[in-house]
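Student: what would the 3D arrangement of this be:
(one chain, ligands or ions: 1)
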Amino acid sequence: MLDTLIHLAYIAAAALFVLGLHRMNSPATARSGNWLSAVGMAIAVGAAVVDVATPAPGQHVSGLAWPIIALGTVVGGGLGLYTARSVQMTAMPQLVSLFNAVGGGAAALVAIEDYTKLATAGDSIPLETTVSTVLGVVIGCVTFTGSLIASGKLQGLVPGRPIKFAGSQVAIGVLALVVVAGALYLIFGAPSLPILALIIAAALTFGVLMVLPIGGADMPVVISLLNSFTGTAAAMAGFVIGNPVLIIAGALVGAAGGILTKLMADAMNRSIVNILVGGFGTGDTGAGAAAGAATGSVREVGVDDAAIMLAYAQNVIVVPGYGLAVAQAQHNVRELADLLESRGVNVSYAIHPVAGRMPGHMNVLLAEANVPYPQLKEMDEINPEFSRTDVALVVGANDVTNPAARSNPSSPIYGMPILNVDQAQNVIVIKRSMRPGYAGIDNELYTQPNTGMLFADAKDGLSQLATAVKAL
Ligand code: NDP
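Tutor: This next block holds a predicted model:
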């Protein structure tokens, strides 16, 4: 009876995960989706605890199990709550990466513990258990160290530039061979703890060497890929210990992370392999950015002229980018939009899928400033609108507005879908200088005759514009 109830709880938890994930489809429902998933997780943890507390006849459960579970829940839950509440929005990618490391490491530990128990008992280990264990250990260990390096790069603890050394490719190849040979030995040979230890060491080193050569600015894609690995490792751990909810949750994370990685790579018009091999962009926005200042005739626009253009427009599209996040100017852009709307201007926001440095970066920022969701328009929806728009106001966005992606086959971003900002009647660009963005290339938009550059920090520029609009 209790067993049935536990399984029903697992099914309810799995259903809540699926529903929660579905509601993440739109910013309007994402919060409730998060809540549903959290309730699902609480049910799953509760059911697992009852499962441990009521061992089957003949099954021995250590007296230490309860204190360890209680301690883990308090310490893990407390740390999770604290970090999630205190993290800055701009530091979210590295926090997600740390959580991935923890998830991957936990999945690997579950598999290692189960295998060690079976191997030391001297029993023969069923083939399916060995396969799941080996996969869980390998994927979990690669995810653990890979995610720590990714997080370190974003936090500035590890240099963001691609780090390569002589022979690193050979080392990666040798480590991969050790992992595969060791895995085949465990699967087809006898149980062996030294071989398992060798696989663990090789997989941990592989994770470090895999992520070091990738530039810091590519980390969000890598993090999404490692997130997918975490899910897969957790699903494997679920197979090892026979826990259905772990299998389902792991598979969901694995699939969702994989799809997100593919979507991000597509939105940058790059393959996942190209990202993993690295060397794109500078990795940091500072150093390489100075390398290529745009040439051609640039027209500057003053705050007062820009304010007049905006205030007397019928339609304005705001195009936010990474610079908006750096300047934390989301509240200022909302304030300016409110002022314009009070004057009868239609304002909408064009959201490019890879604007910023993490998936959904712009949605999250603008949601923080309570920008109404219906004003946020996805790229495919807003692109036909630009040619009917009086003013496109670009705030700290660069690559995602570069017309070279459409017209210049020799451009590194050729083929990347962009926002058709250049088709607006007038374009105002707020940025601090002529320095390029993440891709490190000049932007043809800035030398178009209908573009006016307003050189300023996004926060200052927007608040000066708001003051000027108020004065009209
Ligand atoms: P970009 O990196 O192309 O450009 C950002 C611009 O913001 C810079 O040119 C910079 O110019 C300006 N800027 C920086 N700080 C400020 C500030 N304080 N005030 C005003 N402007 C500022 O950003 P986009 O959002 O247009 O494009 C994102 C890029 O990141 C794409 O190339 C994408 O492929 C890549 N990427 C995105 C990921 C994601 O998940 N979203 C993941 C990995 C990569 P200046 O210094 O002159 O001020």
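Student: so how many other residues sit close to Q375?
Tutor: 15 (other C-beta atoms under 10 Å). Quick note: C-beta positions are derived from backbone N, CA and C, even for glycine.
Student: which of the three states applies to the nearest residue to it once chain neighbours are set aside?
Tutor: Nearest residue to Q375, sequence neighbours excluded (C-beta to C-beta, 6 or more residues apart in numbering): S348, at 5.1 Å. Three-state call for S348 (DSSP: H, G, I helix; E, B strand; the rest coil): strand.
Student: could you tell me which residues of the protein lie near the ligand?
Tutor: Counting by C-beta under 6 Å from any ligand atom, the chain comes close to the ligand at 217-218, 220-221, 264, 268, 321-323, 326-327, 354-359, 361, 396-400, 430-433, 435-439, 457-458.
Student: so which of these belong to helices?
Tutor: Counting by DSSP state H, the residues of the chain next to the ligand place 220-221, 264, 322-323, 326-327, 361, 458 in helices.
Student: now, among those residues, which is nearest to the ligand?
Tutor: Closest to the ligand out of these is G323 (2.5 Å), distances taken as C-beta to the nearest ligand atom.
Student: can you get me a residue count around the closest residue to that closest one other than its chain neighbours?
Tutor: If the residues on either side of it in the chain are set aside, G323 comes closest to G396, at 1.7 Å by C-beta to C-beta, 6+ apart. Neighbourhood size, G396 [other C-beta under 10 Å]: 27.
Student: now do the buried residues in the helix or strand hosting G257.
Tutor: Per DSSP states H and E, G257 falls inside helix 244-267. By 16 or more other C-beta atoms under 10 Å, the buried positions in helix 244-267 come out as 244-254, 256-258, 260-262, 264-265, 267.
Student: next secondary structure element downstream of it?
Tutor: helix 272-277.
Student: that following helix packs against which elements?
Tutor: helix 219-241, helix 244-267 (3 or more C-beta pairs under 8 Å, 6 or more residues apart in numbering; DSSP states H and E).
Student: and the shortest one, how far out from the chain middle?
Tutor: When you say that, I think you mean helix 219-241. Put simply, helix 219-241 sits 13 Å off its chain's centre (C-alpha atoms, centre = their mean, to the nearest Å).
Student: what's the angle from it to helix 244-267?
Tutor: Orientation check (axes from the mean of the first three to the mean of the last three C-alpha atoms, to 10 degrees): helix 219-241 against helix 244-267 gives 160 degrees.
Student: give me the helices and strands touching helix 219-241, please.
Tutor: So helix 219-241, by 3+ C-beta pairs under 8 Å, 6+ apart, packs with helix 92-120, helix 127-155, helix 244-267, helix 272-277.
Student: could you redo the last one with a cut-off of 6 Å?
Tutor: helix 92-120, helix 127-155, helix 244-267 (3 or more C-beta pairs under 6 Å, 6 or more residues apart in numbering; DSSP states H and E).
Student: residues in contact with that helix: which ones?
Tutor: When contacts are defined by C-beta atoms under 6 Å, 6 or more residues apart in numbering, helix 219-241 is touched by residues 93, 96-97, 100, 103-104, 107, 110-111, 114, 132-133, 135-136, 139-140, 143, 146-147, 150, 153-154, 214, 246-247, 250-251, 253-254, 257-258, 260-261, 264, 275, 357-358.
Student: report the backbone C-alpha coordinates of that helix in CSV.
Tutor: What follows is helix 219-241, C-alpha atoms only, in CSV (Å, rounded to 0.1, in the frame of the first residue of the first chain):
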residue,chain,number,x,y,z
MET,A,219,30.2,29.9,-21.8
PRO,A,220,26.4,30.3,-21.8
VAL,A,221,26.1,27.8,-24.6
VAL,A,222,28.6,25.5,-22.9
ILE,A,223,26.6,25.8,-19.6
SER,A,224,23.4,24.9,-21.4
LEU,A,225,25.2,21.8,-22.9
LEU,A,226,26.6,20.8,-19.5
ASN,A,227,23.1,21.3,-18.0
SER,A,228,21.9,18.8,-20.5
PHE,A,229,24.8,16.5,-19.4
THR,A,230,23.7,16.9,-15.7
GLY,A,231,20.2,15.7,-16.6
THR,A,232,21.5,12.7,-18.5
ALA,A,233,23.8,11.8,-15.6
ALA,A,234,20.9,12.1,-13.1
ALA,A,235,18.8,9.9,-15.4
MET,A,236,21.6,7.3,-15.4
ALA,A,237,21.8,7.5,-11.6
GLY,A,238,18.0,6.9,-11.5
PHE,A,239,18.5,3.7,-13.5
VAL,A,240,21.3,2.6,-11.2
ILE,A,241,19.2,3.0,-8.0
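Student: kindly reformat the helices and strands packed on helix 272-277 as JSON lines containing distance to A15 and mean pLDDT.
Tutor: Formatted as JSON lines, those follow (distance: least, C-beta to C-beta, whole Å; pLDDT from 0 to 100):
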{"stretch": "helix 219-241", "distance to A15": "17", "mean pLDDT": "91"}
{"stretch": "helix 244-267", "distance to A15": "9", "mean pLDDT": "92"}
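Student: measure how buried the residue nearest to E128 when sequence neighbours are not counted is and give me the count.
Tutor: Once flanking residues are discounted, E128 sits nearest to F239: 7.2 Å by C-beta to C-beta, 6+ apart. A count of nearby residues for F239, using other C-beta under 10 Å, gives 20.
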